[in-house]
Structures are given as C-alpha cells and as structure tokens.
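K.L.:
from the sequence below, what's the structure:
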Amino acid sequence: MTLPATSIVDRTRNWLRILSRRSRSSTRPDQQIGPFSNAHDFTVNGGQFIDINELKINYINNVISTRQAVFELLEPYTCLDATKDSSARYPPPRCHPDTRLKIREKLMRWLVQEYDEWKMLWVRGSAGTGKSAVAQSFADSCEEEEILGASYFFSRTTGRDKLETVVPTLVYQLARSVPEYHSFVEHRLAKDQLLLRNSPPVQFRKLIVEPFATLQREHPRKPIVVILDGLDECAGEKVQREILEMITNAIRTNPNLPLRWLIFSRPEAHLKNIFSQTLDCGREELIIDAECREDVQRYVQDRLIEIKARYSDMIHADWPPQDTLKELLDAVSGLFIFASTCLNFIDDPEEADPISQLDSLLSFVRRSQGVVSRNPLAALDLLYSRILQDISPSVFETTRKIMAYMCYRRQFDPDNILSSAQALCNFLRLDQHAFYKATRGLYSAMSVPEPGDAAKSQLHFYHASFQDFLLDPHCSGRFVIGEYEAQVTFLQSFIYWSEVYFTHFHACDDWNFDEHKHDLPGLTWASDDDRSSLSQSIIGFLKYGLSDDMLDMRWDGLNEDLHSQLSNIDFRYSPPGHSIAIAILCRLDPSQPVVRIEPSGPTDYQLLEYFNLVIGNGIAKQARFPLKLVLPSDEWTREFFFIGHGLKSVIVWRTKSGHSHRQPVYSLRNDREPTEAEISKYRDNLDELKWNEEEAVLAMG
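P.N.:
Next comes the predicted model:
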C-alpha cells in the first residue's frame with residue numbers, strides 16, 4: 001500500500017514543531033538574523049504582512065471545524081474504489097427496473113422489521129445470477145432510507161481484494177454516516193496513532209465493535225446495515241474466514257450492536273461450512289426460477305428497445321421478430337450475466353450493426369444448442385470463445401498481453417501503480433492504435449475507456465466469469481492465459497524499462513532511485529500534458545519492483561526474446577536493500593545458462609574471488625533449485641547464484657541471520673573489483689543483522 005503525502009494533521013504538527021523551535025531559539029532579543037540582518041535606512045512600499053500566529057490558529061481551527069482530520073488519517077489505509085458510489089465502479093451493476101423485487105423486499109424486511117432475529121444474512125448465488133446488482137440496488141435503497149452504514153464491493157479482477165483495507169474503508173464510511181461515531185473514532189485515533197498499523201482483528205475490535213458498543217449503551221439506535229459483496233473474491237480462503245470470524249465474534253460478544261451484516265458471495269464449500277455453524281445468520285439464495293426468467297426477459301426486451309432506438313435509421317420497428325426474440329430468451333436461460341454479454345455483443349459499437357450481430361449470435365447458439373440447454377454457464381464459456389475467435393490472429397498476441405496483465409494484475413501490480421489503461425499501454429510498449437485494434441473485439445466482455453479517458457481510467461472485465469474462463473484451460477482451450485506466459489510477457493517490459501531508466505538517468509550511480517522527476521524516452525502513447533505522469537507511473541513501478549507473489553514462482557525456462565534481453569543488459573552493483581531487476585529470476589530452470597548455481601568459466605571464478613573478498617572468506621553455499629524468494633526463518637544462511645554469461649555476468653547473494661527476518665540481496669559484477677566502501681557497507685549490514693560467523697558455520701555445516 002502506497003502512503004500519500006503528509007496529511008493535514010501531520011503538516012499542522014510539523015508546523016507547530018518548527019514554530020516552537022523558533023520561539024525557543026537561543027537568539028538574543030536584540031540579535032538580528034537573516035539576509036537583512038545588517039540592513040538599515042530603507043522603506044517598504046506596499047506588501048502584505050501576515051500574522052503567523054493568526055494564520056496558524058485559523059489553519060488548525062479549519063481542520064477541526066470541518067472535521068476532516070479523521071478522514072485524512074484513514075484515507076491512506078482505505079480502498080475507496082470498493083465503496084458503493086466510487087468512480088472506479090462506474091457504472092455499477094444495478095437491478096434493471098422492476099426486477100429482483102422479491103429478494104429486495106425480503107432484505108428490507110429483514111433489516112427494518114425482523115432485526116432482532118438475525119444479525120447477519122448471507123445471500124448466495126452462482127456466477128452470473130446478479131448478486132452484485134442486487135447488492136448495489138439494495139444499498140441504494142438503504143441510503144435513501146438513511147440506514148446504510150457502509151459497503152465494500154470486493155473484486156479480484158480489479159485488485160479490490162485486500163484484507164488490510166477492509167476495516168479502514170468501513171470505518172471511513174461509518175464515520176460519515178453516524179456523527180457521534182465520527183467523534184468517537186476521531187478521539188480514538190488521536191489517542192492511539194499506531195492503531196491503523198495494527199492487525200485487522202485489532203482494528204475491527206477497537207474501531208468498530210468497542211465504539212458502537214459504547215454508543216449503543218449511551219444512546220440506543222436502530223440498526224444500520226454493512227454490505228460486503230463478493231466475499232468469495234477476497235484474496236484467499238484464509239482471509240475470507242478471518243473476515244467472517246471477526247463479524248461472528250462481534251455478534252457473539254456484543255449482541256446489542258446496532259450493525260447488521262449483509263454478505264453476498266458464491267456458494268463456495270468453505271463458506272457453506274462457516275455459515276452452517278453460525279446461528280445468528282439467515283440465508284437467502286438467488287436461483288434461476290420463474291421470477292428470475294421473467295426479470296431477465298424484461299431486461300433483454302428493454303435493452304433491445306434501446307438498441308433499436310439508437311439505430312432507428314437502419315432497424316425496422318418490428319425487429320426482432322417474435323420467434324427470434326424467443327430463441328434469444330431461451331438461450332440466455334434466465335442468467336443475467338449471459339444476457340448482459342449477449343446484449344453487449346449485439347450492441348458492439350465497433351460493429352455498429354445490431355441485426356447482423358444478433359444473427360451471428362443465434363447461429364452460434366444453434367451450433368451449441370446441447371450445451372445451452374444443459375448448462376448456461378458452459379454456454380457462456382462458449383460465447384466467450386466465440387468473442388475471442390473474431391479477433392484477428394495478426395493482433396491477438398497483443399490482445400493476449402493485455403488480458404494477461406488483467407488476469408494477473410493482483411500479482412504483477414498489487415498496489416495498482418500502473419493506474420490507467422494508458423500507463424499500462426506504455427509499459428507494454430503499445431501505441432494508441434495498437435491498443436484499440438487489439439481490444440476492438442472485447443467490448444462485450446470488458447470495459448475499454450475512450451482515448452480521452454485512458455490516462456485516468458483503468459481496464460476491467462465486466463464479470464469475474466471472463467477471468468475464470470481465461471485461466472481455466474478446460475474452458476478456454478487455446479485462449480487460456482498461462483501463468484508462465486504472463487510472467488515472461490510482463491518481465492520483458494519490466495527489464496526493458498529498467499534498462500531505459502538507468503541508462504538515461506543513472507548510468508553512474510549504481511541503480512539509485514532519486515526523487516527527481518524524469519520524462520522517459522520512448523513512450524508509445526503520450527501527450528505533453530500527461531507525459532510526466534505516465535513516466536512517473538512506470539518509474540514508480542520500477543522502484544517498488546515486482547510483488548512477492550510473482551517472484552516466488554517456479555519458472556520453466558525462457559523464450560528467446562527474454563534470453564536476448566538478459567544477455568545484453570548492463571549488470572551493475574546493487575546497494576543493499578535494492579536488488580537489481582535481474583535478480584528476480586532466481587527461480588529459473590538450472591539447465592538455462594543465463595541463471596546457474598555452478599560457476600562456469602573464468603568470469604564466474606573471478607566473481608567468486610570478489611565475493612570471498614567481500615564476505616572475508618566467510619561461510620557461504622551454492623543455492624539450490626528451485627530457489628525460494630524468502631529464505632527459511634530463524635536460520636543462518638548465505639547463498640549465491642550467477643546470472644548472465646560471456647563478458648557480462650553478476651553474482652547475486654542473499655544473507656539471512658538467525659536473529660532477524662530481514663533478507664538483504666546483494667550483487668557484484670565482473671567488470672570491476674568491489675570497493676572498500678562497498679565492502680564496509682556490507683559489513684555494517686552484517687552487524688545490523690547480528691551476523692555471527694561461528695554460529696553460521698555450525699548451522700550451515
């Protein structure tokens with residue numbers, strides 16, 4: 001998580017500290033300081049004099065009176081993109097008018113009339129049954145009735161799936177909804193400034209459970225609802241269990257809390273097991289019944305009316321014929337996501353020919369009629385295949401790169417540093433024409449921003465089922481996005497921009513990331529207005545590097561393009577704490593000559609001599625494949641391996657102390673001997689690690 005600039009509270013505190021230091025300075029009353037200390041006999045004409053004390057007081061009063069301090073403290077830890085009305089979710093999925101009325105009425109009755117029976121309600125449904133639309137529409141209704149406390153809409157395809165952001169995001173919204181709670185949280189955060197760095201269960205207890213328990217004892221209030229949509233999309237079963245444990249523990253220990261928890265998810269086995277053991281929890285299921293089919297029919301008919309109105313110059317008033325409409329309705333089988341994808345296909349703006357698109361769609365449906373009648377979700381997979389088949393083979397490899405990033409975004413870019421479609425295009429070295437040509441056929445399954453919005457808007461799949469399809473070889477076949485393939489694609493661009501950045505701006509300072517802003521040469525899609533921000537997005541990504549999730553994977557080999565990049569890159573010394581970009585290849589197949597654990601040739605033996613010089617001929621061992629990104633905890637370890645070949649090679653080693661969880665990465669290149677300063681710096685780091693050579697020798701054998 002990237003923390004923003006200093007908050008108002010911190011800036012105020014720093015300002016007061018500076019002023020107090022000045023007031024306590026040792027300057028004599030008659031002593032003059034500054035550039036005009038010896039000036040005399042001059043006159044100031046005009047000018048504006050500012051009372052610093054008055055400005056200081058007004059500034060502090062403004063922060064307090066606007067009551068923004070609590071939000072400034074919380075915001076760095078939140079994911080506001082996951083809230084009900086965030087721009088990142090626009091337009092959010094909503095129930096079509098006059099659809100899903102029965103379940104929405106049940107939910108309102110549960111919250112308003114029967115709130116003493118269940119403190120939590122689980123609404124489950126298979127993929128594509130419209131859970132998020134129901135959650136959004138119900139949240140809108142609750143907001144109108146002033147009974148919405150907070151919401152969090154999880155999404156693994158857009159990175160809204162991190163546990164550490166859930167509690168701060170809920171607290172942020174609850175503070176806006178409940179004024180007395182706002183004051184309580186404000187005082188608690190002021191009293192405990194480390195609270196937002198505590199674990200999620202501690203935050204949940206101190207920032208939600210305890211404040212509302214206290215407030216309820218003092219001034220009882222009717223319940224408000226907290227909505228968690230797509231819990232199954234939160235990162236990992238363990239995390240999902242932890243969220244439910246926090247809620248169930250709160251319900252059990254504080255039954256009078258005025259909070260009701262509404263949770264939407266797929267009926268995953270582990271969630272079924274947890275909810276079956278929760279007594280204070282009701283259950284509702286979204287199923288494809290007669291009412292659902294009627295709702296989908298209404299949605300399809302209304303969308304077709306909109307399409308017909310938009311293309312009135314080319315579509316007859318009686319389109320589509322009744323038999324054609326019935327065939328389409330039979331195909332979608334009451335599944336909202338299938339219906340939505342079909343209508344997006346018909347209404348594809350790039351084709352601009354709804355009649356031909358509908359005919360093409362129904363031809364596909366007839367060919368796969370058996371699958372459609374058996375399983376609408378399987379038919380949806382076939383429709384996704386049909387969409388991808390229409391993309392020209394000449395551009396599909398570019399399309400695949402874009403989809404690969406989106407499928408593995410949580411691993412490649414967990415902090416969403418490449419925060420826009422245009423930033424991603426530049427990182428992948430795609431120009432505007434290539435990007436829109438590659439995404440032209442994806443409008444049915446993916447939101448693609450217009451060129452004017454691409455610098456501030458991100459790509460996203462309309463539904464998680466498309467990502468599921470792309471990652472499952474049994475569903476997608478030749479269109480599958482493999483993990484290794486995605487890694488290599490992403491790593492190529494990572495290495496390319498690393499070389500560009502350091503060659504142009506840091507050729508002589510050993511991979512030092514400075515605070516200066518640089519405009520990268522070679523951007524493929526940029527204007528004078530956004531060149532700087534796009535450059536900083538890529539440089540920021542290079543600075544923070546690849547995520548642990550990506551690094552700690554097994555690599556089966558390298559393709560020729562990546563091999564060439566690795567052999568040509570300018571290896572250089574990396575100061576402790578900044579592993580060089582190439583060191584991320586620590587899990588490559590040992591049969592590949594570019595990464596190896598055995599010395600090969602005079603260059604490697606020269607590197608070993610340098611290495612022994614740095615470590616003072618201490619204990620070290622060859623790494624073993626497959627290497628682990630994180631070395632075992634509480635062990636004494638110093639291991640090394642080689643990268644590169646020919647005239648350019650580097651030896652990389654990691655050191656870990658039995659008394660520390662730090663694991664610095666170091667490297668030496670073969671074209672120069674390590675300096676005394678570098679050796680001294682490494683020895684200082686050993687002291688910080690409390691490295692004991694004798695104990696290391698005994699432990700490492």
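
K.L.:
got the contact list for residue 475?
P.N.:
By C-beta atoms under 8 Å, 6 or more residues apart in numbering, the residues touching residue 475 are 381, 384, 468-469. From N, CA and C alone the C-beta is placed, and that goes for glycine too.

K.L.:
measure residue 157 to residue 468 for me?
P.N.:
10 Å (C-beta to C-beta, to the nearest Å).

K.L.:
and what of residue 109?
P.N.:
Residue 109 is 33 Å from residue 468, by C-beta to C-beta.

K.L.:
repeat that for residue 141.
P.N.:
Counting by C-beta to C-beta, the separation of residue 141 from residue 468 is 30 Å.

K.L.:
now residue 622: phi and psi?
P.N.:
phi -70, psi 140 (degrees, to the nearest 10).

K.L.:
how many residues are close by the closest residue to it other than its chain neighbours?
P.N.:
Once flanking residues are discounted, residue 622 sits nearest to residue 597: 4.7 Å by C-beta to C-beta, 6 or more residues apart in numbering. For residue 597, the neighbour count with other C-beta atoms under 10 Å is 15.

K.L.:
hmm, back to that, more neighbours, residue 141 and residue 468?
P.N.:
More neighbours surround residue 468 than the other of residue 141 and residue 468, with 20 against 16 (other C-beta under 10 Å).

K.L.:
report the mean confidence score over whatever helix or strand the more buried one lives in.
P.N.:
Residue 468 is part of helix 464-471 when elements are defined by DSSP states H and E. Averaging pLDDT along helix 464-471 yields 87.

K.L.:
for stretch 444-453, same thing?
P.N.:
88.

K.L.:
chain center to that stretch: distance?
P.N.:
Computed by C-alpha atoms, centre = their mean, to the nearest Å, the chain-centroid distance of stretch 444-453 equals 19 Å.

K.L.:
so which residues make contact with it?
P.N.:
If you take C-beta under 8 Å, 6+ apart as the criterion, stretch 444-453 is touched by 341, 344-345, 348, 384, 387, 406, 421, 432, 436, 439, 442, 457-463, 466.

K.L.:
which SS state does the closest residue to residue 596 other than its chain neighbours fall under?
P.N.:
Sequence neighbours aside, residue 642 is the residue nearest to residue 596 in space, at 5.1 Å (criterion: C-beta to C-beta, 6+ apart). Secondary structure for residue 642, judged by DSSP: H, G, I helix; E, B strand; the rest coil, is strand.

K.L.:
residue 598 versus residue 642, what's the distance?
P.N.:
Residue 642 is 8 Å from residue 598, by C-beta to C-beta.

K.L.:
repeat for residue 161
P.N.:
Distance, residue 161 to residue 598, using C-beta to C-beta: 41 Å.

K.L.:
in terms of neighbours, single out the busier of the two.
P.N.:
residue 161 (22 against 9).

K.L.:
ok, that one touching residue 154?
P.N.:
Yes. With contact defined as C-beta atoms under 8 Å, residue 161 reaches residue 154; the gap is 5.5 Å.

K.L.:
so for the two, which residues contact both of them?
P.N.:
What both residue 161 and residue 154 touch, as defined by C-beta under 8 Å, 6+ apart, is the set 233-234.

K.L.:
next, give phi and psi for residue 264.
P.N.:
Backbone torsions for residue 264, taken as degrees, to the nearest 10, come to phi -110, psi 140.

K.L.:
for residue 691, same thing?
P.N.:
Backbone torsions for residue 691, taken as degrees, to the nearest 10, come to phi -70, psi 130.

K.L.:
count of neighbours near it?
P.N.:
Count around residue 691 with other C-beta under 10 Å applied: 21.

K.L.:
same question for residue 318.
P.N.:
8.

K.L.:
OK, contacts around it?
P.N.:
Taking C-beta under 8 Å, 6+ apart as the definition of contact, residue 318 has no neighbours.

K.L.:
need the contact list for residue 331.
P.N.:
For residue 331, the contact set (C-beta under 8 Å, 6+ apart) comprises 338, 342, 362, 365, 372, 379.

K.L.:
avg pLDDT for the one helix or strand the second one maps to?
P.N.:
Here residue 342 sits within helix 336-346, counting by DSSP H and E. The pLDDT scores in helix 336-346 average 88.

K.L.:
where does the chain have low pLDDT?
P.N.:
Along the chain, the model assigns pLDDT under 70 to residues 1-67, 114-116, 368-377, 506-516, 545-595, 625-633, 643-654, 656-665.

K.L.:
any idea which helix is longest in it?
P.N.:
In the chain, taking DSSP state H as the definition, the longest helix is helix 483-505.

K.L.:
quick one, it and helix 464-471 angle?
P.N.:
Counting by axes from the mean of the first three to the mean of the last three C-alpha atoms, to 10 degrees, helix 483-505 lies at 90 degrees to helix 464-471.

K.L.:
in the contacts of residue 475, find the pair that's most separated.
P.N.:
The largest separation in the contacts of residue 475, counting by C-beta to C-beta, is between 384 and 468 at 9.6 Å.

K.L.:
kindly report the domain assignment for this protein.
P.N.:
Using the TED database, the domain parsing of the chain gives 76-285, 290-390, 396-445+478-556, 570-700.

K.L.:
before we move on, what SS does residue 106 have?
P.N.:
Under three-state DSSP, residue 106 comes out as helix.

K.L.:
ok, it - contacts?
P.N.:
The contact partners of residue 106, by C-beta under 8 Å, 6+ apart, come to residue 284.

K.L.:
ranges for the strands of the stretch 301-450 of the chain?
P.N.:
Along the stretch 301-450 of the chain, the segments classed as strands by DSSP state E, counting those that start in this stretch run 446-447.

K.L.:
ditto for the chain
P.N.:
Along the chain, counting by DSSP state E, strands occupy 120-125, 148-153, 224-229, 259-265, 281-286, 446-447, 460-461, 595-596, 621-622, 637-645, 648-656, 665-669.

K.L.:
sorry, back to before: buried subset of the contacts of residue 475, written for ChimeraX?
P.N.:
Restricted to buried positions by 16 or more other C-beta atoms under 10 Å, the ChimeraX selection for the contacts of residue 475 reads:
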select :381,384,468,469
